[in-house]
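Trainee: pasting a predicted model and its sequence here:
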Amino acid sequence: MSIERLLQILDDWALYMKSDNHKLGYPSKSLGMSSGGESTEDEFESMLSAMDLANVRIIDAIIHDLPKEQQESIYARYLGAKKKSLYEWHLNHAIDNLLTISSQIGRAHV
């Protein structure tokens, strides 16, 4: 995974964390097939949204496994939490760890 893609997912994660969503992860629309195997107009968008949500949940799980100081630095950067001592240093390590771990997960699923 590239650093640019990780930063995009972290931006999506921040929106996800700030949203007031209590749907327990169930989609508002169900995916289905129309007769003849045709796709509806918004099918592709639904698939992209599902993949983005899966990426956000993976990153969320990885963040929760980081050391506390690194978690706090991610929260400070993306959710507006208070910056603690050595914020920049912990943030750099957190981003590096997220990049390394997410890349390993991606290779494991190939």
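Mentor: Yep, that arrived.

Trainee: what's the first helix or strand after the helix or strand of the chain with the lowest mean pLDDT?
Mentor: Ranked by mean pLDDT, DSSP states H and E, the helix or strand of the chain with the weakest confidence is helix 43-65, at a mean of 87. Going down the chain from helix 43-65, the next helix or strand is helix 68-79, by DSSP states H and E.

Trainee: list the buried residues of whichever helix or strand comes after that following helix.
Mentor: Of the helices and strands lying after helix 68-79 in sequence (DSSP H and E), the nearest is helix 87-108. Under the neighbour-count criterion of 16 or more other CB atoms under 10 Å, helix 87-108 has 90, 91, 93, 94, 95, 97, 98, 99, 101, 102 buried. C-beta coordinates here come from the backbone N, C-alpha and C atoms, glycine included.

Trainee: give me the contacts around helix 87-108.
Mentor: With contacts defined as CB atoms under 8 Å, 6 or more residues apart in numbering, helix 87-108 is touched by 1, 3, 6, 9-10, 58-59, 62-63, 65-66, 69-74, 76-77, 84.

Trainee: and if you look at stretch 65-74?
Mentor: By CB under 8 Å, 6+ apart, the list of residues contacting stretch 65-74 reads 10, 63-64, 81, 83-84, 86-87, 90-91, 93-94, 97-98, 101.

Trainee: so where is this protein shaky, pLDDT-wise?
Mentor: Scanning the chain for pLDDT under 70 picks out the ranges 21-41, 107-110.

Trainee: go with 50
Mentor: The chain contains residues with pLDDT under 50 at 22, 24, 26, 29-31, 33, 110.

Trainee: pretty sure residue 84 is touching residue 75, no?
Mentor: No - shown here, residue 84 and residue 75 do not form a contact pair, counting by CB atoms under 8 Å, at 9.7 Å.
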